[in-house]
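Participant: this is a predicted model, with the sequence first.
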There are 2 protein chains.
Amino acid sequence: MNCYEDIVLGVEFEIGRHTPSKEEIITFARQWDPQPFHLDEEAGRQSAIGALCASSCHTYAISSLIHSRSPHRLKTAAMLGMQMAFPAPVLPDEELAMYETYLDKRTSISRPGFGIVTSLTCIRNSSGDDVLTMKSSFLVERSGDDP
Amino acid sequence: MNCYEDIVLGVEFEIGRHTPSKEEIITFARQWDPQPFHLDEEAGRQSAIGALCASSCHTYAISSLIHSRSPHRLKTAAMLGMQMAFPAPVLPDEELAMYETYLDKRTSISRPGFGIVTSLTCIRNSSGDDVLTMKSSFLVERSGDDP
């Protein structure tokens, strides 16, 4: 796992991939966001989006899942805040690839053992369309090696 | 369920409540965000936050769950985007109350059957501290009664 000191700004890199199945989309939605177009294919076809698609919460959870499996993952300590957009729907059985670019980093004044990192995360479907863009700020552990 | 025409701007109202148990927090985190301070009480105590707490994805999912159970819920069609902040942690067995204020509404030019609504959502713990503030924009069905 990487610390604050390992973070290099301005370079996009792939974090990992995940392919949500129809069952995964429906199971998540049944528990957390039971809207018809997340639960039923026919309701999806009749919806504004025109297809069964994943809940936005599920899309965010997928970003967290891909992070958790990445060899590049950081020693994060808390999510502070974020801006998210969902430019295209997440459809069943489409492979999603997630990319990250660290935009900014600074050491925390109130918490000397941590840094505050701002990052741009994009999840793209197999057509190359963004299904999630997220600019987030979070606390990351410092290694302690840095003066 | 309410349509675009039912939306009144500028009035905060309670949407509903939810109390996540320790088991719910750990189960969600195990599947989507397996960081030690979401999974284990001792790791939580040793973390920056100082206690086992819910994943930010879980907090967002709770907002969706509370919406889904509300008699005030809207005929939403798609989440467009949002800004979220997590000013305080979500701790086990604390009752969370969610409040909403509609900030803006306009009819969609590209989709005449829908309106675009901007809303401020706050989830507060039993001490009255915000654990989530979210400004979001989403598509809502129009009733068709409006000229």
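Facilitator: All right, it came through fine.

Participant: wait, is residue A:5 part of a helix?
Facilitator: Yes. The assignment for residue A:5 by DSSP: H, G, I helix; E, B strand; the rest coil puts it in a helix.

Participant: okay, it: pLDDT?
Facilitator: Looking at residue A:5, its pLDDT is 95.

Participant: surely it touches residue A:143?
Facilitator: Yes. With contacts counted by C-beta atoms under 8 Å, residue A:5 reaches residue A:143, the gap being 4.9 Å. For every residue, glycine as well, the C-beta is placed using N, CA and C.

Participant: could you pull up the residues touching residue A:48?
Facilitator: A:37, B:77-78, B:111, B:113-114, B:139 (C-beta atoms under 8 Å, 6 or more residues apart in numbering or on different chains).

Participant: as JSON lines, those residues with secondary structure, distance to residue A:124 and neighbour count would be great.
Facilitator: JSON lines is the format used below for the contacts of residue A:48 (DSSP: H, G, I helix; E, B strand; the rest coil; distance: C-beta to C-beta, whole Å; neighbours: other C-beta atoms under 10 Å in any protein chain shown):
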{"residue": "A:37", "secondary structure": "helix", "distance to residue A:124": "22", "neighbour count": "24"}
{"residue": "B:77", "secondary structure": "strand", "distance to residue A:124": "23", "neighbour count": "20"}
{"residue": "B:78", "secondary structure": "strand", "distance to residue A:124": "19", "neighbour count": "20"}
{"residue": "B:111", "secondary structure": "coil", "distance to residue A:124": "24", "neighbour count": "15"}
{"residue": "B:113", "secondary structure": "coil", "distance to residue A:124": "29", "neighbour count": "14"}
{"residue": "B:114", "secondary structure": "strand", "distance to residue A:124": "26", "neighbour count": "21"}
{"residue": "B:139", "secondary structure": "strand", "distance to residue A:124": "22", "neighbour count": "22"}
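
Participant: pick out whichever of these sits closest to residue A:96.
Facilitator: Of all the contacts of residue A:48, residue A:96 sits closest to residue B:78, with 17.9 Å by C-beta to C-beta.

Participant: pretty sure that closest one contacts residue B:137?
Facilitator: No. Residue B:78 is not in contact with residue B:137 according to C-beta under 8 Å; the separation is 9.9 Å.

Participant: can you name every helix or strand that the longest helix along chain A contacts?
Facilitator: Taking DSSP state H as the criterion, chain A has its longest helix at helix A:56-68. Helices and strands touching helix A:56-68, as assessed by 3 or more C-beta pairs under 8 Å, 6 or more residues apart in numbering or on different chains; DSSP states H and E, comprise strand A:13-18, helix A:22-32, strand A:96-107, strand A:114-124, strand A:130-141, helix B:22-32, helix B:56-68.

Participant: the same query, at a cut-off of 6 Å, please.
Facilitator: For helix A:56-68, the elements it packs on are strand A:13-18, helix B:22-32, helix B:56-68, judged by 3 or more C-beta pairs under 6 Å, 6 or more residues apart in numbering or on different chains; DSSP states H and E.

Participant: in what helix or strand does the residue nearest to residue A:136 when sequence neighbours are not counted lie?
Facilitator: Leaving out its chain neighbours, the residue that sits closest to residue A:136 by C-beta to C-beta, 6 or more residues apart in numbering or on different chains is residue A:82, at 3.8 Å. Here residue A:82, judged by DSSP states H and E, is contained in strand A:76-85.

Participant: identify each buried residue in that strand, please.
Facilitator: A:76-82, A:84-85 (16 or more other C-beta atoms under 10 Å in any protein chain shown).

Participant: just name the closest of those residues to residue A:101, please.
Facilitator: Taking the buried residues of strand A:76-85 together and measuring to residue A:101 by C-beta to C-beta, the closest member is residue A:82, at 14.4 Å.

Participant: quick one: that closest one from residue A:39, how far?
Facilitator: Taking C-beta to C-beta, to the nearest Å as the measure, residue A:82 falls 26 Å from residue A:39.

Participant: one more: residue A:1?
Facilitator: Taking C-beta to C-beta, one finds residue A:1 at 37 Å from residue A:39.

Participant: if anything else comes up later, I'll come back, but that's it for now.
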